[in-house]
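Participant: Model the following, please.
(2 chains)
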Amino acid sequence: MADTPADNTPAERVPTVVADGVDIVYRVNGTGAGRGSATAALNRILRRKKTEKAAGVRRVHAVKNVSFVAYRGEAIGLIGTNGSGKSTLLKAVAGLLPVENGRIYTDGQPSLLGVNAALMNDLTGERNVYLGGLAMGMSRAQIKERYQEIVDFSGINDKGDFITLPMRTYSSGMAARLRFSIAAAKDHDVLLVDEALATGDRSFQKRSEERIRELREHAGTVFLVSHSNKSIRDTCDRVLWLERGELRMDGPTDEVLKEYEKFTGGPGKGAPKAAPKPQAKPAAAAPKAPAAL
Amino acid sequence: MSQVLDPPPPTQASAQAAPAPAPDPDDLAALAARHGLSVSGARPSLPEYVRQLWARRHFIGAFSTAKLTAQYSQAKLGQVWQVMTPLLNAAVYYFIFGMLMNTSRGVEDFVPFLVTGVFVWTFTQSSVMAGTRAISGNLGLVRALHFPRAALPVSFCLQQLQQLLFSMGALVVILLAFGVPPGPSWLLAVPALTLQFVFNTGLAMVMARVGSKIPDMAQLMPFLLRTWMYASGVMFSIHHMTGPDSGLPSWVGPLLQANPAVVYIDLMRFALIDSFGGGMLPDHVWALALGWALVAGIGGFIYFWKAEETYGRG
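Facilitator: Okay, here's the model as predicted:
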């Protein structure tokens, strides 16, 4: 933590992202037995507000009262077991998902660099590169200039001329690689990276880690969601730990990861089913493995 | 029915490690204000929104063209379906309404009359349908990338316009085949289509907002649209049906003819078909066409913009 510029010069800390008591709630229609019946549906339309529950609308409280301040020059890791609200929080910071309560303030427009960006499967990879770039606000000339770079980076053409085939013919790894390459083609102020390092083969992972480091030099603040403790350790100097939508810990990477590894029963292992007393449980569940790699 | 269980108690370390333990909400808002941070995902002002939308015009164009070509890319005949689909539609209506029910009585050039009506109506119908699903059917895109959401309904309507231009090509062939002479009045099709496009886009934006809040609308719309179609004189002449010898009160005709779909369909017939004279048009037809376009276009855009920050909530 001592090497973060933010700590050495506390007077000059410039916030880039401020989350102020953020709640995010998903509403899901048509869950529960018998909830899809005609009368329930009618009920849902007529008395929308009052009977959300009765009409079968399920509220999923994905992020609960999370507050933090991110400063310029920080690289922040987001960790937590599956379904703990990490990606949801990133989407809200990017302004893609509305918050229920609280506010998120950002410096400029944060960019979410995810692997799930929807592309069109019926179109060729080439067409998708152009569409994705245009949607991110790049001009045609900029895309043309970077086109070869994007294709080379994705490695799609390593095994033949695949870029001119429709994306539905791609393997899932190829599609994910192309999506990441398109998103990474632009320089971003506040950069949010969602699990991107997990996609693709080993050589692509290396390339994308390198690209993230490059992007970080240009970007003010980087957020990284990952299940790989190693890539968090390599890239981040501060870590937010989300568990069941709550911010459980916020601190220097080493401290938080130590607790997290204890909680999950060692690096790289799955989460325990329920852990109300995290300190006691992991010790019994598994002897602490040496730190990842 | 909350999905989430009781939260685990915070660990001791979290209080120690947190750089700013339990920050005061007022402080955070003040801190953000002091450094000039803006609220993420807040709705931009209307002029700013228009500017953002204009900046994405290349995306809108490319997206609609891509959708259009993607539509039939799995079919063996491919893009031939762009022309085949409207032609087959017209053939079905001709078979039912022209040959079986003989609605053509009293209408000159019935086939051009019918085909024009079907094509122009299909433009409005499919724009509204596409608009209803514009947000709810593209949540992945909405949640992944940042762009003014109005780009979606607009580009879907643009796609329908491109589709209509294919149909118009087929229509010209049909008109010539049935001996309708080309004339300078054909140029009136351009302003008529422009106004209809503005009207459709406005309506699509209204439906996009409604559809994003009430997914059931996508199921309901086909029925509403079919009812609207039968009231719009697509395959019969409202002018003939409500004439002085029809026995209907005299106010029924003008009322039915104020229907925007009737206005745009009749304008196109007037432009293209010689035997469809100005006397069969509703009164003040251009004023009506312009009025509907402005009301729907501007109203729909503002209505859509009002909920901009909420699109993407599942």
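
Participant: ranges for the helices of the chain?
Facilitator: Using chain A here. A:5-8, A:38-46, A:86-93, A:125-135, A:140-154, A:172-183, A:202-218, A:229-235, A:253-264, A:280-285 (DSSP state H).

Participant: ah, I was thinking of chain B
Facilitator: B:12-17, B:25-34, B:46-55, B:57-71, B:80-93, B:110-132, B:139-144, B:151-177, B:189-213, B:217-230, B:238-241, B:252-257, B:260-272, B:285-305.

Participant: Could I get the buried residue list for the longest one?
Facilitator: Buried residues in helix B:151-177, counted by 16 or more other Cβ atoms under 10 Å in any protein chain shown: B:151-164, B:166-168, B:170-171, B:174-175. C-beta: built from backbone N, CA, C; applies to glycine.

Participant: Can you sort out which of the residues you listed also neighbour chain A?
Facilitator: Subset of these in contact with chain A: empty, counting by Cβ under 8 Å from any Cβ of the partner chain.

Participant: Would you mind listing what in the stretch 151-300 of chain B touches chain A?
Facilitator: B:Ile214, B:Pro215, B:Asp216.

Participant: Select only the buried ones of those residues in PyMOL?
Facilitator: Only the buried entries of these go into this PyMOL selection, using 16+ other Cβ under 10 Å:
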select buried, chain B and resi 214
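
Participant: Can I get the residues of the stretch 151-300 of chain B next to chain A in JSON lines including pLDDT and distance to B:Met268?
Facilitator: Shown next, in JSON lines, are these (pLDDT from 0 to 100; distance: Cβ to Cβ, whole Å):
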{"residue": "B:Ile214", "pLDDT": "87", "distance to B:Met268": "32"}
{"residue": "B:Pro215", "pLDDT": "83", "distance to B:Met268": "33"}
{"residue": "B:Asp216", "pLDDT": "86", "distance to B:Met268": "33"}
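
Participant: Next one: B:Leu37 from A:Met136, what distance?
Facilitator: 22 Å (Cβ to Cβ, to the nearest Å).

Participant: scratch that, A:Phe162 is what I was asking about
Facilitator: Distance, A:Phe162 to A:Met136, using Cβ to Cβ: 22 Å.

Participant: Not counting sequence-adjacent ones, nearest residue to B:Ala42?
Facilitator: B:Glu309 (6.1 Å; Cβ to Cβ, 6 or more residues apart in numbering or on different chains).

Participant: tell me, how many neighbours does that neighbour end up with?
Facilitator: Under the neighbour criterion other Cβ atoms under 10 Å in any protein chain shown, B:Glu309 is assigned a count of 18.

Participant: That one against A:Val99, yeah?
Facilitator: No - counting by Cβ atoms under 8 Å, B:Glu309 sits too far from A:Val99 to count as a contact (9.6 Å).

Participant: So for the two, which residues contact both of them?
Facilitator: By Cβ atoms under 8 Å, 6 or more residues apart in numbering or on different chains, B:Glu309 and A:Val99 have these common neighbours: B:Gly41.

Participant: Centre-most residue in chain B?
Facilitator: Nearest to the geometric centre of chain B sits B:Ser127, at 2.9 Å (Cα atoms, centre = their mean).

Participant: Test my guess that it contacts B:Met205.
Facilitator: No - B:Ser127 lies out of contact with B:Met205 (Cβ under 8 Å); the separation is 10.3 Å.

Participant: quick one: low-confidence ranges for the stretch 1-150 of chain A?
Facilitator: By pLDDT under 70, the low-scoring segments of the stretch 1-150 of chain A are A:1-12, A:30-56, A:114-118.

Participant: swap the cut-off to 50 and go again
Facilitator: The model of the stretch 1-150 of chain A has pLDDT under 50 over residues A:1-10, A:33-34.

Participant: So which residues of it form strands?
Facilitator: All strands of the stretch 1-150 of chain A, identified by DSSP state E, counting those that start in this stretch, fall at A:15-28, A:58-71, A:75-79, A:101-106, A:111-113.

Participant: I'd like to know which elements the fourth one is packed against.
Facilitator: The one in question is strand A:101-106. strand A:15-28, strand A:58-71, helix A:86-93, helix B:25-34, strand B:38-39 (3 or more Cβ pairs under 8 Å, 6 or more residues apart in numbering or on different chains; DSSP states H and E).

Participant: Check the last one too.
Facilitator: In terms of contacts (3+ Cβ pairs under 8 Å, 6+ apart), strand A:111-113 is packed against helix A:172-183, strand A:190-194.

Participant: ok, and which of these has the densest surroundings?
Facilitator: strand A:190-194 (a mean of 26; mean count of other Cβ atoms under 10 Å in any protein chain shown).

Participant: Export that one to PDB, keeping only CA atoms.
Facilitator: Below are the C-alpha coordinates for strand A:190-194, written out as PDB (Å, rounded to 0.1, in the frame of the first residue of the first chain):
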ATOM      1  CA  VAL A 190     -12.000   5.200 -15.400                       C
ATOM      2  CA  LEU A 191     -11.600   1.600 -16.500                       C
ATOM      3  CA  LEU A 192     -13.700  -1.200 -15.200                       C
ATOM      4  CA  VAL A 193     -12.500  -4.700 -16.100                       C
ATOM      5  CA  ASP A 194     -14.800  -7.700 -15.500                       C
END
